[in-house]
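Participant: A structural model of the following input is requested.
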Amino acid sequence: MTLPEFGLGTFRLQGETVINSVENALDLGYRAIDTAQIYGNEADIGTAIKNSGIATESIYLTTKIWVDNLSKDTLVPSLKESLNNLGVDSVDLTLIHWPAPSGPVPLEEYMIALLEAKNLGLTKKIGVSNFNIELLQQAIDVVGAENIETNQIELSPYLQNRKLVSFMHQQRIKVTSYMTLAYGRALKDAVIQKIAEQNGQTPAQVILAWALAKDYAVIPSSTKRENLASNLQAQNITLSDEQMAQIDQLEANSREVNPEGLAPIWD
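Facilitator: Numbers count the residues shown, from 1 in each chain. Next up, the predicted model:
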């Protein structure tokens, strides 16, 4: 399965909240779910998938290796634990969650360990998350661009990361956008709201349609069934060139997520 353009994010959702979100999403037609070891919800997602009655082979599952598990001795065992929690024999995609450039484990060590996880059949594809151009080039030098399915990065109308996105396109590495709605801030933007009004759409649909038009995969989350259904419809929306340009002009290099010690120096 290739990386789906539209999936469900599960950051900060746990317990019954994430179970309900995943069950609703799968019922509505979502077939890609994004999680991570640090989210603490892999077992709940496994429960939701089991409850749904949908075959795991039909669902594209992504998880991410936390920084505590990056060493060659811990990465594979930690992924096996994730698989056990999710109730599957393998996932479709495993990412390095943060490069942690100041951490004790060198990039070469964890990229080789991640490739080993793929070779062992624990994950069908591998990739990275929150890598800048320099670190992405280092990862390419270790495992090859053909082995890096995506770089999952914060992207929104306020943070468009154009240099990094351009580099990824050159390397044929897919772009996955998280925080696409800028933590909800972009929903209140006057430009976005005007376009939504013109088109009879929601602000979230407009932003997601903008990202999809740029060939980004998106993984918005929601705990409300109506919002999950509404977001999914963004795949059927085409914005005009003028509307796309108006959103492009909102670029402000405004970042929501930048944890010290985990994040690189951004491009």
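Participant: If we go by neighbour counts, what in stretch 159-177 is buried?
Facilitator: Neighbour-count burial for stretch 159-177 flags 159-161, 164-165, 167-168, 171, 173-177 (criterion: 16 or more other C-beta atoms under 10 Å). All C-beta atoms are positioned from the backbone trio N, CA, C, and that covers glycine.
Participant: And stretch 196-216, by the same measure?
Facilitator: Under the neighbour-count criterion of 16+ other C-beta under 10 Å, stretch 196-216 has 196, 199, 201-214, 216 buried.
Participant: which of the buried residues of stretch 159-177 sit farthest apart?
Facilitator: Maximum pairwise distance among these (C-beta to C-beta): 20.5 Å, between Leu159 and Gln171.
Participant: returning to what we had before: inside helices: which ones of the buried residues of stretch 196-216?
Facilitator: In helices, defined here by DSSP state H, the members of the buried residues of stretch 196-216 are 196, 199, 203-213.
Participant: and of the residues you listed, the nearest to Glu109?
Facilitator: Among these, and counting by C-beta to C-beta, the member closest to Glu109 is Ala211, at 33.2 Å.
Participant: How much space separates that closest one from Leu70?
Facilitator: From Ala211 across to Leu70, the span is 29 Å (C-beta to C-beta, to the nearest Å).
Participant: Contacts only, for the spatially closest residue to Gly121 that is not a sequence neighbour.
Facilitator: Leaving aside its sequence neighbours, Gly121 sits nearest to Ser90 (C-beta to C-beta, 6 or more residues apart in numbering; 5.9 Å). Applying C-beta atoms under 8 Å, 6 or more residues apart in numbering to Ser90 gives the contacts 83, 121-124.
Participant: Leaving aside the residues adjacent along the chain, what's closest to the residue lying farthest from the centre of the chain?
Facilitator: Going by C-alpha atoms, centre = their mean, the residue of the chain most distant from its centre is Gln198, 29.4 Å out. By the measure of C-beta to C-beta, 6+ apart, the closest residue to Gln198 outside its immediate chain neighbours is Gln243, 7.8 Å from it.
Participant: So the one you found is in contact with Ile195, correct?
Facilitator: Yes: using C-beta atoms under 8 Å, Gln243 makes contact with Ile195 at a distance of 5.0 Å.
Participant: count of neighbours near Glu42?
Facilitator: Neighbour count of Glu42, defined by other C-beta atoms under 10 Å: 24.
Participant: How about Asp92?
Facilitator: Here the number of neighbours of Asp92 (other C-beta under 10 Å) works out to 22.
Participant: Who are the packing partners of whichever strand or helix holds it?
Facilitator: Assigned by DSSP states H and E, Asp92 falls within strand 91-96. The contact analysis (3 or more C-beta pairs under 8 Å, 6 or more residues apart in numbering; DSSP states H and E) places strand 91-96 against strand 60-65, helix 75-86, helix 107-119, strand 123-129, strand 150-154.
Participant: Tell me the buried residues in that strand?
Facilitator: 91-96.
Participant: Throw those into JSON lines and include pLDDT and distance to Arg12, thanks.
Facilitator: Formatted as JSON lines, these follow (pLDDT from 0 to 100; distance: C-beta to C-beta, whole Å):
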{"residue": "Val91", "pLDDT": "98", "distance to Arg12": "20"}
{"residue": "Asp92", "pLDDT": "98", "distance to Arg12": "22"}
{"residue": "Leu93", "pLDDT": "98", "distance to Arg12": "20"}
{"residue": "Thr94", "pLDDT": "99", "distance to Arg12": "21"}
{"residue": "Leu95", "pLDDT": "99", "distance to Arg12": "18"}
{"residue": "Ile96", "pLDDT": "98", "distance to Arg12": "20"}
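Participant: That'll do, ta.
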